[in-house]
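1. dropping the sequence and predicted coords here.
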Amino acid sequence: MTSDRTDDLSTALAEVRRQMTIDPSKAETLARDILRESLEEPDALLLLATALRKKGAANSARAILETLLQTQSQMAPAHYELGLVLGLLGDNRGATASLRSAVDLDPGSLYRLIARLA
């Protein structure tokens, strides 16, 4: 990937993150735009799943995250997001397992989870 393309991707991902708190529908559209160019870009897939969760499409988010984790099993934020999604879907055991995986991979994620719940 060239430096310009990497910079473009970084800028596009930053805009998706910014839109996530403002308008998850816009964030979804922007993530899908990135994925048209970079079909399997892990951060874009994670952001798409997050946008879908925020819009109430937990089953779609779950499918994306489970597929993503097949190739990115060390991606702590994806485990964290899957934990949130599974919790929404009523799968408390699965949610707990995913959140534990996130903490195992990135112990700092525990503090972010606690802060989010506070």
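-> On my side now, so go ahead.
2. return the distance of Val85 relative to Ile64.
-> Computed with CB to CB, to the nearest Å, the distance linking Val85 and Ile64 is 9 Å. C-beta coordinates here come from the backbone N, C-alpha and C atoms, glycine included.
3. of those two, which one has the most company?
-> It is Val85, of Val85 and Ile64, that has more neighbours when counted by other CB atoms under 10 Å, with 27 against 22.
4. quick one, grab the pLDDT at the more buried one.
-> For Val85, the pLDDT comes out at 98.
5. my read: it touches Arg53, true?
-> Yes - because the distance of 5.4 Å satisfies CB atoms under 8 Å, Val85 is recorded as touching Arg53.
6. okay, and the common contacts of these two?
-> When contacts are counted by CB atoms under 8 Å, 6 or more residues apart in numbering, Val85 and Arg53 have Ala61 as shared neighbours.
7. okay, which residue is most central for the protein?
-> Leu46 (2.8 Å; CA atoms, centre = their mean).
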